[in-house]
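Enquirer: sequence unknown, structure follows:
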RNA sequence: GGGGGCGUGGUCUAGUCUGGUCUAGGACGCUGGAUUGUCACUCCAGAGAUCGCCGGUUCAAAUCCGGUCGUCCCCGCCA
């Protein structure tokens, strides 16, 4: 049996006889003297074989061995300062080869950039031996543990909800599971435990949380997997949304303190949805850099310049951002920024380089006074670059410009900027012009908007809130509807008919009639949280066995066709085309 | 559903634009040998590739064209 971990040996262990077990990281062989770097989860220790062992010469990378030996201090000059255990080594008395390894497809050293991601995923069990993944998964564990500790200590119960459940009227495509016992019928894997957690509140659980897998059959991205892990929570009798926000802030503060030793500033800043759009051009702004959007419509309202005049005349505006110290940007770079703005929906982009004078392709269309007041509106100083957009719907392109410049100027791992975004619209229009829920149909409207829901649905705001970290949406929540009447009004507005509502979630409407307390909650993407804490750029680097962007698993080759017999049992037959 | 990048020994890649010089180069890894203080050991010798797949153009294709598969990024989509 092993007595120690490789990476934990230190000069304090000198003289001890230890038993180690692990993988051969590397062998350096001098015939009668051989060094082997032995690796386990904690790190690497150098083994020294000098007693003419023959078997040591047969060791290859990733062979699994156990050794008995004595910890010795390395002589002066043989210390390796670049190695955690570089001051000691283990003089081996006995070697046992536990298992041989084929030559691995890639070396376990390094961060993985020496192999394609597909190869890494196909041999994930080798990739997992890397320090980078071991560190990410350990962080993931500690984040999960401290999350559970926090909610448990605050009176929350972790209770599981079913995976084999019913398709609910939410936004994403469902993963379906055919029922053998009821041929032709299907379970759906949950997109979230939304209705179940509301039923917990109706069931008097009062405070519920769960770290739980959710499933959404949509196209993938580097920050989106078909199955992902959420922190799901719900409380009864909240004092408005405040109770939920304070709990989440407490949870994040606890987790960051326990796992990274980082103290988060609380309360987190808040902006309303409307404010976020007008100041940052997005509903998930990255607050690590300023560069707020500056609306100069009033400044140029009477301008002779046609582009400005027409933009404002047509109900649009003129606004821009200040790229401080960027007046030396070459034309090619400015063109690239313009491309970003245009591909986000802008008609064009105007730039002004601020030096002693202001230079710009449009300078000749503007008066001295206008140039000066634009400069003043942005508080621009010599060396700055002003980027202007004009027209309608320019917020999003401005937001893209802001991101492009901000992320270039500042390192992306610069701290943790949490933010609440509140007061989202209750409804929005889909591409066919139909009303849909901006959050989900169980979100309550602000009380003052309830009387006018039917007359002015699009101006109703909701009791919904998003948590944003460094420009990434970490999660969202809301105070829910707990009255059947209001819930039915919402369904009617969404054109979900009485019959359809009954069939799809009549069970839930019925539950609302049996003493549903006021309640609200939140759901937070744990994979994304860990990704950001680990400073990784892909979810796949913080998930042990992730899927590729086409939803396949190179390790297991899932998904796979199944036999006709298996299909038959389920009462299924495939189309000819596939 | 749409746009873009990539696919060459075990791994990563050069070569592809401008077809012939490629009998496909390099690095790492691997195999055999030498080596008592290495830690990216070193030295000597060696093996290893239907250039993702199918088809086309051409005297000639890793290279050009069409299709297809895989993978990555982005838009749509993801309450």
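Expert: Sure, I can see it. None of these values were measured; they are calculated from a predicted model. Numbers count the residues shown, from 1 in each chain, chains lettered A, B, ... in the order given.

Enquirer: residue ranges in the stretch 51-200 of chain A under the pLDDT threshold?
Expert: A:169-170 (pLDDT under 70).

Enquirer: excluding chain neighbours, what is closest to the closest residue to RNA strand B within it?
Expert: Residue of the stretch 51-200 of chain A nearest RNA strand B, by C-beta to the nearest atom of the strand: residue A:171 (2.0 Å). C-beta here means a position set from N, CA and C on the backbone, and glycine is covered the same way. For residue A:171, ignoring the flanking residues on the chain, the nearest one in space by C-beta to C-beta, 6 or more residues apart in numbering is residue A:440 at 7.2 Å.

Enquirer: wait, isn't that neighbour in contact with residue A:195?
Expert: No. Residue A:440 is not in contact with residue A:195 according to C-beta atoms under 8 Å; the separation is 10.0 Å.

Enquirer: find residues that contact each of those two.
Expert: Counting by C-beta atoms under 8 Å, 6 or more residues apart in numbering, residue A:440 and residue A:195 have no contacts in common.

Enquirer: returning to that earlier point: so the residue of the stretch 51-200 of chain A closest to RNA strand B sits in a strand?
Expert: No. The assignment for residue A:171, made by DSSP: H, G, I helix; E, B strand; the rest coil, is coil rather than a strand.

Enquirer: pLDDT at the spatially most central residue of chain A, what is it?
Expert: In chain A, the C-alpha nearest the mean C-alpha coordinate belongs to residue A:528, at 2.4 Å (C-alpha atoms, centre = their mean). We note a pLDDT of 96 for residue A:528 in this prediction.

Enquirer: does it count as helix, strand or coil?
Expert: helix.

Enquirer: and it, what does it touch?
Expert: Residue A:528 neighbours (C-beta under 8 Å, 6+ apart): A:223, A:472, A:474, A:539.

Enquirer: switch to 6 Å and redo it
Expert: residue A:474 (C-beta atoms under 6 Å, 6 or more residues apart in numbering).

Enquirer: same check on residue A:318?
Expert: Contacts of residue A:318 (C-beta under 6 Å, 6+ apart): A:296-297, A:300, A:308, A:311, A:390.

Enquirer: who does it form a beta bridge with?
Expert: residue A:390 (DSSP bridges).

Enquirer: ok, it to residue A:13 distance?
Expert: 70 Å (C-beta to C-beta, to the nearest Å).

Enquirer: tell me where the stretch 51-200 of chain A has strands.
Expert: A:64-73, A:88-99, A:157-158, A:176-178, A:186-188 (DSSP state E, counting those that start in this stretch).

Enquirer: what about the helices in chain A?
Expert: Here chain A has its helices, by DSSP state H, at A:117-122, A:124-127, A:131-153, A:194-202, A:242-260, A:273-280, A:306-313, A:331-343, A:368-377, A:395-409, A:484-493, A:498-512, A:526-533, A:564-569.

Enquirer: thinking again about what came up before, mind putting the strands of the stretch 51-200 of chain A in JSON lines, mean neighbour count included?
Expert: Listed next are the strands of the stretch 51-200 of chain A as JSON lines, based on neighbours: other C-beta atoms under 10 Å:
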{"stretch": "strand A:64-73", "mean neighbour count": "18"}
{"stretch": "strand A:88-99", "mean neighbour count": "16"}
{"stretch": "strand A:157-158", "mean neighbour count": "14"}
{"stretch": "strand A:176-178", "mean neighbour count": "14"}
{"stretch": "strand A:186-188", "mean neighbour count": "17"}
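
Enquirer: would TSV of those with distance to RNA strand B be doable?
Expert: Shown next, in TSV, are these (distance: least, C-beta to the nearest atom of the strand, whole Å):
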stretch	distance to RNA strand B
strand A:64-73	8
strand A:88-99	5
strand A:157-158	18
strand A:176-178	16
strand A:186-188	13
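
Enquirer: quick check: which of those strands is nearest to residue A:47?
Expert: strand A:88-99 (5.1 Å; C-beta to C-beta).

Enquirer: contacts for the closest one?
Expert: A:9, A:11, A:45-49, A:53, A:55, A:64-74.

Enquirer: and the residue of the stretch 351-500 of chain A nearest RNA strand B?
Expert: Nearest residue of the stretch 351-500 of chain A to RNA strand B: residue A:440, at 2.2 Å (C-beta to the nearest atom of the strand).

Enquirer: ok, that residue to residue A:480 distance?
Expert: Between residue A:440 and residue A:480 the distance is 9 Å, computed by C-beta to C-beta.

Enquirer: please apply the same query to residue A:143.
Expert: From residue A:143 to residue A:480 the distance is 27 Å (C-beta to C-beta).

Enquirer: also residue A:454?
Expert: 20 Å.

Enquirer: returning to what we had before: could you export the helices of chain A as TSV, including distance to residue A:416?
Expert: Shown next, in TSV, are those (distance: least, C-beta to C-beta, whole Å):
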stretch	distance to residue A:416
helix A:117-122	27
helix A:124-127	28
helix A:131-153	13
helix A:194-202	27
helix A:242-260	7
helix A:273-280	17
helix A:306-313	37
helix A:331-343	26
helix A:368-377	32
helix A:395-409	16
helix A:484-493	36
helix A:498-512	37
helix A:526-533	8
helix A:564-569	48
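
Enquirer: just put the ones you listed in TSV and tack on distance to RNA strand B.
Expert: Below are the helices of chain A laid out as TSV (distance: least, C-beta to the nearest atom of the strand, whole Å):
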stretch	distance to RNA strand B
helix A:117-122	4
helix A:124-127	11
helix A:131-153	14
helix A:194-202	5
helix A:242-260	14
helix A:273-280	12
helix A:306-313	23
helix A:331-343	8
helix A:368-377	30
helix A:395-409	9
helix A:484-493	12
helix A:498-512	13
helix A:526-533	11
helix A:564-569	20
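
Enquirer: which one is residue A:159 nearest to, not counting chain neighbours?
Expert: Excluding the flanking residues, the one nearest residue A:159 by C-beta to C-beta, 6+ apart is residue A:208, at 5.9 Å.

Enquirer: thinking again about what came up before, could you dump the strands of the stretch 51-200 of chain A to CSV with distance to residue A:357?
Expert: Formatted as CSV, those follow (distance: least, C-beta to C-beta, whole Å):
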stretch, distance to residue A:357
strand A:64-73, 70
strand A:88-99, 67
strand A:157-158, 65
strand A:176-178, 65
strand A:186-188, 64
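
Enquirer: do you know which of those lies nearest residue A:127?
Expert: Ranking the strands of the stretch 51-200 of chain A by proximity to residue A:127 (C-beta to C-beta) places strand A:64-73 first, at 16.9 Å.

Enquirer: what does the closest one rub up against?
Expert: A:9, A:13-14, A:16-21, A:23, A:88-99.

Enquirer: what are the pairing partners of it, and which direction each?
Expert: Strand pairing for strand A:64-73, using DSSP bridges, gives strand A:17-29 (antiparallel), strand A:88-99 (antiparallel).

Enquirer: so how far is the last one from its chain's centroid?
Expert: Averaging C-alpha positions (C-alpha atoms, centre = their mean, to the nearest Å) puts strand A:88-99 43 Å from its chain's average.

Enquirer: same question for the longest one.
Expert: Its chain's average C-alpha position is 38 Å from that of strand A:17-29, according to C-alpha atoms, centre = their mean.

Enquirer: any idea what residue A:97 is bridged to?
Expert: Beta-bridge partners of residue A:97, as defined by DSSP bridges: residue A:65.

Enquirer: let me fix that: residue A:421
Expert: Legend: beta-bridge partners of residue A:421 under DSSP bridges are residue A:271, residue A:466.
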